[in-house]
Each structure stands twice: as structure tokens, then as C-alpha cells.
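Trainee: need a 3D model of the following:
(3 chains)
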Amino acid sequence: MNAILAQLLNGLDKGGAYALIALGLTLVFGTLGVVNFAHGALFMLGAFCAVAFRQLITLETVTLDPEKLSPWGAPLEIRTPLAQSWFGDFGGVLIEYSVPLSILLAIPVMAIIGIAMERGIIKHFYKRSHAEQILVTFGLAIVLQELVKAIFGANPISQPMPSVLRGAADVGMWLGMGPNVLTYPWWRLTYFLFATAIIGGVFAFLRFTTFGLVVRAGMADRETVGLLGINIARRFTIMFGLAAVVAGLAGVMYTPLVPPNYHLGMDFLVLSFVVVVVGGMGSLPGAVAAGFLLGILQSFASMTEIKSILPGIDQIIVYLTAVIVLLVRPRGLFGRRGVMES
Amino acid sequence: MNATAKTLFSMSRRDLITLVIFALVVLAMPIWLSPLGAAYPGLMQKFAIYAIFALGFNILFGLTGYLSFGHAAFLGVGSYTAVWSFKLLSMDVIPAIIFAVILSGIFAVAIGYLSLRRTGIYFSILTLAFAQMSYNLAYSVLTPITNGETSLQLSLRDPRVLDLAFGPREPGLPSASLFGHTFSGLEAFYFCAVVLLLAFFIAQKIFSSPFGMMLRAIKSNQTRMNYAGFNTRSYAMTAFVISGMYAGLAGALLAITDPLAGAERMQWTASGEVVLMTILGGVGTLIGPVIGAWLIKYFENIFSAFNDTALTHFFGFVPDGLREVVVAISSKFVGEGWQLTLGLLFVLVVMFLPGGIMEGVRRIRGLFGSGRTPQTGAVSRPQAAE
Amino acid sequence: MSQTDANIVLHVADVHKNFGGLHALSDIDLQIEEGKTHAIIGPNGAGKSTLLNVIIGRLAPSRGAVVFDGKVLTGKKPHEINQMGVVRVFQTPEIFPELSVLQNVMAPAFAKRDGAFKANIFMPLDAEKAIRQEAEDILNDVGLFERRQSHAGALSRGDKRRMELAMCLIQHPKLLLLDEPTAGMSRHDTNTTIALLQKIKASGMTKVIIEHDMHVVFSLADRISVLAGGRIIAEGEPDAVRGDPRVQEAYLGGTYEPGEAH
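Mentor: The predicted model follows:
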């Protein structure tokens, strides 16, 4: 029982990442009708916002202290992070909390990237075939990941989490079990809560604002909304920007869990597409539910007990689920009839 | 010549001329590629092999419109099978090729059976999912078969039952041979070239046959095909399997020229590369994908060999100071950065020239007014069967 | 109904079709005689298209069955139904826009000759002289011979419909289903199409026509069924139907003026 509960918890953070990426994919697909193969790259760009932010604030000045000598006789180098020399102790706090603070950088950066992408390329593809959309966004994904590789190198760059969030929460205690029966790392818990908050925020935005109302109407019936004379073009751009920000934030907060490298986006993209298909193309609740579902399934599949019965299942569980869902229930778990079907 | 054999080899005058010219171009590669600095066997083999891969992919995507994002899986299966044939049976290339084509065909039947139940983007995602599964499995549970990250290679202790039944084990690792004759560098290229010509001939036959027309009709309007009495799934399935076998053949040839098979050949970026070759050249045209494959492999070779020194030399005419900037920027696009150029190319082609180079040629011809009226359906844009 | 079963080609037996709670079709019982042209008329929303889709297998009936030539059509796939000899002309032309007009007409001929699937890659298309000849003859009949090398997608709507008719005729169907064959056509095109269909009628092909245009119906039909509210409210020879007061009330909206077209 506890093992099951533990796997359930373990699936939540990964599921949260899937859900966030799938949410953006679905928003873009539902409103703009675009199949965006570059969406994973946006997740990766978000992760590198965190990397860039940390590199920026940990830029150091090197001063030589002539009074002291290092053990091998050279003058001792004193490295001071710029942030510390400018902001004093506050600079230390900046560095300590660099990952969550990079959110402040990621929001504008991702919004700009998203808007630039939509204005520059995506908008020319609204009327073109899905195959062409896939192709152009696939090319774009390669461009983005190779740019990151050119700037940050090919190796993963690990991002430390704030030290207060290291270690694990004793979830078992909260549930009235003994100590250390069921633990869950603090950062994963944070990620899960963060993902839930963002998802809630997006849903609230769509539910309670006029903008959201138009978007939802557009997802249900794009042509009619266009006929109402509402400026769809501008809303499309904003939606794309929003999706980019959501993907980016998902990436920022994920960095302490997996050190980001340039092809992180590709890895997540394929999985997220699978998530979207399982949830039902064009269904927002479907994307979220399928994201968590697949995250949890994957976590169960990596249990040793399961792997000993079905070797390799942890490697393919997500794809296998997608194949089964597509074949048995082609519209996905929450999909509507007629979306992307002939 | 009896009647069956006659139809088997019969082709229109136009097709025959195309085939002859193509054969001349391919066989003369060592001559015309040398001023371009690409006339060495390793690269020319790649030209032949990836041309086969792209030809086969185009039979599926170009004719039926089904966009597979998992074709590299078949390439990988072909490579693994060929290497296993080398290890277990013989270094002869014929059994290696036959087994590779058959096994990738079986693989294609299995994946196609499931994937072709859906069309459009769902088909793309299903093929992608299958390819990723194959890739992940090749790296994990299937390590006994694939040798995981270290790649499957020949070893001194391979049984090679057929070879050893006829002769003693010779020292050192053996290399691929044809009827007992071990390939030297250029011979291996000519072998691949002949296989390419055969593959091209079959593709030509498919393009000019009623079967090819049916595949085009499926791309154009699948529902209509059903109501016209065609079992379109069987047609698409046949195209899928043929194209999977082409990929398997290409994979086997890769193993012949370098007896090594790694899982990275199955990765989805590899699947993306063949898509790019096809659209760069011209989707649905016979020769376009071949040109696309050659261009990409050529520039991959040229660009990835460039380094800063070469660039500085190349930009020698640019004044000092500015030169460093130019070199610094352009260095991001060559060498390790070749993939970036590839991605940009991908975006630009899809945006501005969706019919690929063949459409470009047609447009230029149109500009000079000398162009014949385009053949119906000769150039088409990437379009999914839905 | 006094006919023996021997010359009944299509039997729509006690068909009902519900969409949710909506009864789109109720108690439909139709018998189509061999060699006859049977028209189904009715006001908009009467269930004509639903009925056609049930016959062709696109929709499964909630109850009842469609029997063609002694075999049940219900549950068969579109290509199987076509292979049995039931061919449908669509209301909005369903064609292959990227292929030439000639290829559009040749393709269905292969389904007739080679069955639902044949992967013949050896015989070049150009060598299929017999099929090409037949396609050209039929294109001549529908007046599109001159345009045989054009892109089908470039044809006018009327030409597309005539080409689609040629695509169906080349299969020599046992039963041809026509869904408003003249909708959207000019008066001239309509008359050409009627003449063409009358010519086919002489060849003894069984046809079911769904049509709005009374001019077309009374020019072609041997027998008429009137559909209203998902039920057949009258059936008989054209003259009998024309005089039926129920029909006039339900569909013709009072009196029918000969020659009226929509």
C-alpha cells in the first residue's frame, strides 16, 4: 500500500510537467489549429532561462590579494559574485533562490519568444496542411535546440535547488503513519504544487475573463468566432505567447530535477504529444488528466516489482498507452468527435 | 522474352531515358564529385544509401501522403539484422541484405497494421511512438540483441557458421564480401550504386503503374477511393511495407560499408532527416528525394568539417576586425553547428518552397517560358492523408 | 406490391434510424425493381440523405436492414458495397483534384476489373489501353473528352459533377445512387445531365435518385417515393404521386406546376 502511495507521489511531479506542456500544446492546437512540434523546445528554453539567470548572477570578479599567498606561492584569488558585490547579502539570497527567481526572467523572455515565433513563422501556417505545420515547427525545434547548444554547450548544466527545499517531506507523518514510512522530496512536492497552481491559473483565466471566453468559443467553433468580427489575429498571438510562457515556466522549475541539456525539449515533446493524444486532441481537461495519468503510470512502471515481470516496460509504457488509446478510443480520453478526423 | 518478363521490364521511353541518365550520373560519381571534393568512397556510399532511404520514404509520404515520423526504426532494424547475419552466418552481403529487407518488412507489417488505422497527424504520432519505443528498447531490455550504447559490432569470436564451414578463421576482423570477394573502398561504393539503381528502377515502376496512381488518389481523396471500391488500407499498407523495406535495405548497406549498428540510427531526429531530404528535393517527385539526400549528405560533410581556421581562410577577403566577427558568427553554423543550418534550411524550405527543389526548377523553367506544361501531380506540397 | 422477389434488386426492409431521441427514419420499406429509376423526393429534413447514407452503409440503421441482390449491405464497408455493384454519386462532387480528368475516370475502372486491391506495379499505366479507351469513351459521353488532360481540381463545379458521374458509370454499377445529380447546375447543364441519365436508363441500369428538382424527377423516374418526417407517405407511378393530395400538402405545398425547378 505504501509502495503504491509512494509511486503515486513520484508520478505527480513528472505528470505535472507533462500536463503543463500538453496544456500549452492543446491551447495552441485548439485555438490556432496548429500542430506545434516546437513546443518541447519552448520547455527547454524555459529551463535555459534558469541556467542563464544563474550564470548571470554568479558572474564573478576576480581580485588578487597580494597579502595572502595560495599554497603554491601565487597571490590568492578572491572570487566575488557580482550579485554579492552589488547587493551584499541580498545577492547571496539571489543565488540561493536562483531557480524560482528565474521565473521573473522567464516570463518576459518566453512571452517575447512566443510572440516572435507566432508573428514570424506560425501565422503563415494557419491555412496550410498539418503536415506542413509539423514540418516547419520541427525545423524550428531543431534551430532552437541547436542555438542553445551553440550558446550553452552540449553538456547538461545542473541547477541547485534552494537548500531549504533539499531533503524530503515526511508525507507519511502527515497522513498519520510512522516517521520515514512515506517521504517525498520537497522540491518534487513544490513542482507538483507549482504545476497545479499554473494549471489552475490558466483554467481560471479561460473561465473568468472575456478573453478566455472568446478563446473557449474559438476552440469550440473557430469559424463563427472569426465571423463575429473579433480580432482573432491578436488573440492568437497572445495565446501562443501564453502557451510559450506556460511551457517555459514548466521548464524553469524542472531544472533541479533533471539537469537541462539542449535536447531536453525533444525528449519531452514526443512524450507530451503522446499525452495530448491520450487526453484527446483539443481537450484541455484531457491534457491535464492524461499528463498526470501518464506520469503516474510511468512511475509505477519503473517499480522493480513490475520491471521484473515486464522487463523494459518503464521505457515504453507511455508510448504503449498512447498506441492502445489511439486504437481503442481514437478520440482520446476526453476528445470530441471530429477533431482532426476526416 | 516471354510476355511476363516483357511487362516486368517494360517502361515508357521517358522513364527509360531517365533511368539511363540517372545510372550514368550515379556510376560517374567518382568523376564529377572529385572537383567538388566529395569523391571519396565513404561519402559516395552514403549518397547511394541515403538516396535509397529517401526514395523509399517518398513512396509512402510522396505518393500516399502518410507522414511517417518513425522511418528510422526500419533503418535500424536493417542495420542490426545485417550485422547479425555477418556475425552468425557469413560476411557475404547477399544474405545480410535479404534478411535485413525481410525483417524490416515484417517490422513494417506489424507497425503499419496498427498505425494505418489512423490517418493524418494521428498516424504521424503513432509511427513516432513506435519508433521511440524501438529506440528505448534497443537501449535497454534489448541490449543482448543490440549491445546497447556500445553498438553492435563484429567480434573475433563470432560463429559465422557458413564462412567457417568453407575456410579457416583468418586473423583480425573480417570485412564484408560478395561471393568470397572482399570489398575494397570503391568496390563497396559501386555495389551500393548498383543497389541504388535497382531501387530507383523499382520506384520508377511504382510511380508509373496503376498502383502508383491509386496511391496518389489516396493522398488526393481517400474517402472517394473507398467509395470507388478500393480497399485503401491495403494500398497504404503495401506502400508502408515497401517503404519500410527500402529503409531496411539502406540500413543493411550502412552495415555493409561499416559493420556497426547503433540505436542512435533509430532516433526520431534520424526519422526527421529523411523527411527533410524528401521535402527539400520535392515531395512526390521521383528524383527530388534523391537530390535532397545528396545535398544534405554533401553539405553535412562539407559543413561539419569546417572549423575556425578554415573559416578564417575562407573569409580572407573580409577586412581584419570584421573578419573575426564574421568567423565567430558563421562558426556557429558549421562543424558542430551543422544541425543548426539543417534546421534553418528545414524552416526555409517549408516556408518558401514547399514543393522543394523540383518546384524551384519548375518555377525557373516557367520564368524562361521554355518549360513544358507541368505533368499532372508531378510536384505536390506536403499534405497528409486525412 | 405485386412484384415477385426475382426482380427486386434493392430491398430496404423496415429501416429505422434514431439520432439520440430523434427519429430520422421510421418504418422505411422500399423495394427497387431491376432496371427501373426510382426517385425519392421530399422536403428538406425529410430524411432523404439519411436514407441514402443508410443504403450505402455510411450510417448503420437502428433497426432493420438493407438487402441488395440477396445480400445484406448493413455493416459492410464502403469498398465492399461498391464491389457488390452499388455505386454512389455524391452531392458535392467527390473527386481526386490532384489527378488528371482521365486518371479520375480510369481509377474506378481498376476497382471494377482488379477488385478492391491489387498491387500491380509491373504493368505501366500507359499500357492499360483497354481501360484508357473505355475512360475516353465515357468522357466523350459526358462531354469532357477535350479536357481529359486537365487537372480535375481546375474544373468548374458542373464539370466536376459530370466527371464524377463518368467515374461511377465506368464501373457499370448494378445499382447507381444519385444524390441530387443536378443541384447547383445551370439549366443547360441540368438538361444535358438529364439527357445523359435518360440514355443510361435505356441501358437498363437500376437507379435511385434523390432529387429536389421536380423537372428532373418527372423526366427520369419510373417510380417515386415521397418521404416526409422520416416516413414514406406515398409511393407509386409519377402521375399517381403527382395527383396524391397528401403529397401535395406535405411537399409540393399546394399544387404542383409542371416544369417548376428549384
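
Trainee: just give me the neighbour total for residue 62.
Mentor: Using chain A. 8 (other Cβ atoms under 10 Å in any protein chain shown). Glycine gets a C-beta too; all of them are placed from N, C-alpha and C.

Trainee: meant chain C, my bad for not saying
Mentor: Count around C:S62 with other Cβ under 10 Å applied: 15.

Trainee: before we move on, what about the one 5 residues further on?
Mentor: Neighbour count for C:V67, taken as other Cβ under 10 Å: 17.

Trainee: confirm it sits in a helix?
Mentor: No. C:V67 sits outside any helix when classified using DSSP: H, G, I helix; E, B strand; the rest coil, being strand.

Trainee: so it sits against C:L10, correct?
Mentor: Yes. Using Cβ atoms under 8 Å, C:V67 is in contact with C:L10, at 7.3 Å.

Trainee: excluding chain neighbours, what is closest to C:I81?
Mentor: Among residues not flanking C:I81 along the chain, C:G57 sits closest, at 4.9 Å (Cβ to Cβ, 6 or more residues apart in numbering or on different chains).

Trainee: so how far is B:V347 from that neighbour?
Mentor: 44 Å (Cβ to Cβ, to the nearest Å).

Trainee: now swap in B:L322 and tell me
Mentor: 28 Å.

Trainee: pairing partners for the top strand by length along chain A, with directions?
Mentor: Longest strand in chain A by number of residues (criterion: DSSP state E): strand A:60-69. Using DSSP bridges, the strands paired with strand A:60-69 are strand A:75-81 (antiparallel).

Trainee: send the alpha carbons of the strand it pairs with over as PDB?
Mentor: Taking Å, rounded to 0.1, in the frame of the first residue of the first chain, the C-alpha atoms of strand A:75-81 are listed here in PDB:
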ATOM      1  CA  PRO A  75      48.800  35.600  -4.900                       C
ATOM      2  CA  LEU A  76      45.400  34.400  -3.600                       C
ATOM      3  CA  GLU A  77      42.500  34.900  -6.000                       C
ATOM      4  CA  ILE A  78      39.300  36.200  -4.400                       C
ATOM      5  CA  ARG A  79      36.300  35.500  -6.400                       C
ATOM      6  CA  THR A  80      33.200  37.500  -5.600                       C
ATOM      7  CA  PRO A  81      30.000  37.000  -7.400                       C
END
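
Trainee: give me the contacts around it.
Mentor: If you take Cβ atoms under 8 Å, 6 or more residues apart in numbering or on different chains as the criterion, strand A:75-81 is touched by A:57-66, A:68-70, A:91, A:95.

Trainee: neighbours around the nearest residue to C:D159 once chain neighbours are set aside, how many?
Mentor: Counting by Cβ to Cβ, 6+ apart, the nearest residue to C:D159 once its immediate chain neighbours are dropped is C:L144, at 6.3 Å. Counted with other Cβ under 10 Å, residues neighbouring C:L144 total 24.

Trainee: C:L144 contacts C:E164, doesn't it?
Mentor: No. Using Cβ under 8 Å, C:L144 is not in contact with C:E164; the gap is 10.7 Å.

Trainee: circling back to that earlier point, of B:L322 and B:V347, which one has the most company?
Mentor: Counted by other Cβ under 10 Å, B:L322 and B:V347 do not tie: B:V347 has more neighbours, with 21 against 10.

Trainee: any idea which element the more buried one lies in?
Mentor: Assigned by DSSP states H and E, B:V347 belongs to helix B:338-352.

Trainee: same question, C:P43
Mentor: Using DSSP H and E, no element contains C:P43; it sits outside every helix and strand.

Trainee: that one against C:I233, yeah?
Mentor: No. Using Cβ under 8 Å, C:P43 is not in contact with C:I233; the gap is 10.8 Å.

Trainee: which strands or helices does the helix ranked longest in chain A pack on?
Mentor: Ranked by residue count under DSSP state H, the longest helix found in chain A is helix A:2-32. Secondary-structure packing of helix A:2-32 (3 or more Cβ pairs under 8 Å, 6 or more residues apart in numbering or on different chains; DSSP states H and E): helix A:39-57, strand A:184-185, helix A:186-208, helix A:210-220, helix A:232-254, helix A:264-279, helix A:284-301.

Trainee: per-residue confidence averaged over stretch A:23-42?
Mentor: Stretch A:23-42 carries an average pLDDT of 87.

Trainee: gap between the two ends of it?
Mentor: Stretch A:23-42 has an end-to-end distance of 13 Å (Cα to Cα, to the nearest Å).

Trainee: which sections of the stretch 151-262 of chain C are below the confidence cut-off?
Mentor: Residue ranges of the stretch 151-262 of chain C with pLDDT under 70: C:250-262.
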